[in-house]
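Enquirer: I'd like to go over a predicted model; first the sequence, then the structure.
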Amino acid sequence: DAAQLRILSNDTPAFESADAQATSLERDVSTKYQPAQDELLPEAQALEHERDVAEARHRGFELSEAAFQIGIVLSSISIVARARWLLSVGIGLGVVGALLGLNAYLLLVPLP
């Protein structure tokens, strides 16, 4: 590795020779791997985009799941407390969870 060669030879009499070898090594590596890097760059960018889409969907599904769970809990509490308004809130959160799930699947509205 060129960087290691430079670090190890620093403050030694053979520094100039080692620096020349490191420069030669960097040039050889660049010549050898640059064509492959240029070839793989579009594929890497496509995979990054795919990762970003999957992450956005994941966040949306997490929010959807949280809304569903809170809606279920509030609906359960409404049965024990005999509070009809709490049931309405639970149903509302269930609907919000369904809409968030649909949005996560279709990615219609970007979420923060």
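Expert: It's in. Numbering: from 1, shown residues only.
Enquirer: Point out where this protein drops to low pLDDT.
Expert: Counting by pLDDT under 70, the ranges of the chain that qualify are 1, 5-6.
Enquirer: Go ahead and confirm S78 touches G90.
Expert: Yes - with contact defined as CB atoms under 8 Å, S78 counts as touching G90 (6.1 Å). In this view, the C-beta of every residue, glycine as well, is placed from N, C-alpha and C.
Enquirer: If you count surrounding residues, which of these two has more?
Expert: Neighbour count, other CB atoms under 10 Å: between S78 and G90, G90 has more, with 21 against 18.
Enquirer: contacting residues around the more buried one?
Expert: Residues in contact with G90 (CB atoms under 8 Å, 6 or more residues apart in numbering) are I70, G71, I72, V73, L74, S75, S76, I77, S78.
Enquirer: Among the residues you listed, name the buried ones.
Expert: Burial of the contacts of G90 was assessed by neighbour count (16 or more other CB atoms under 10 Å); the buried members are I70, G71, L74, S75, S78.
Enquirer: Now, the residues you listed that are in helices?
Expert: The helices in this structure, assigned by DSSP state H, contain I70, G71, L74, S75, S78 from the buried ones among the contacts of G90.
Enquirer: mind putting those residues in a markdown table, distance to Y105 included?
Expert: Output for those, formatted as a markdown table (distance: CB to CB, whole Å):
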| residue | distance to Y105 |
| --- | --- |
| I70 | 20 |
| G71 | 19 |
| L74 | 25 |
| S75 | 24 |
| S78 | 29 |
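Enquirer: Just give the closest residue to E26, not the sequence neighbours.
Expert: Nearest non-adjacent residue to E26, counting by CB to CB, 6 or more residues apart in numbering: A2, 4.7 Å away.
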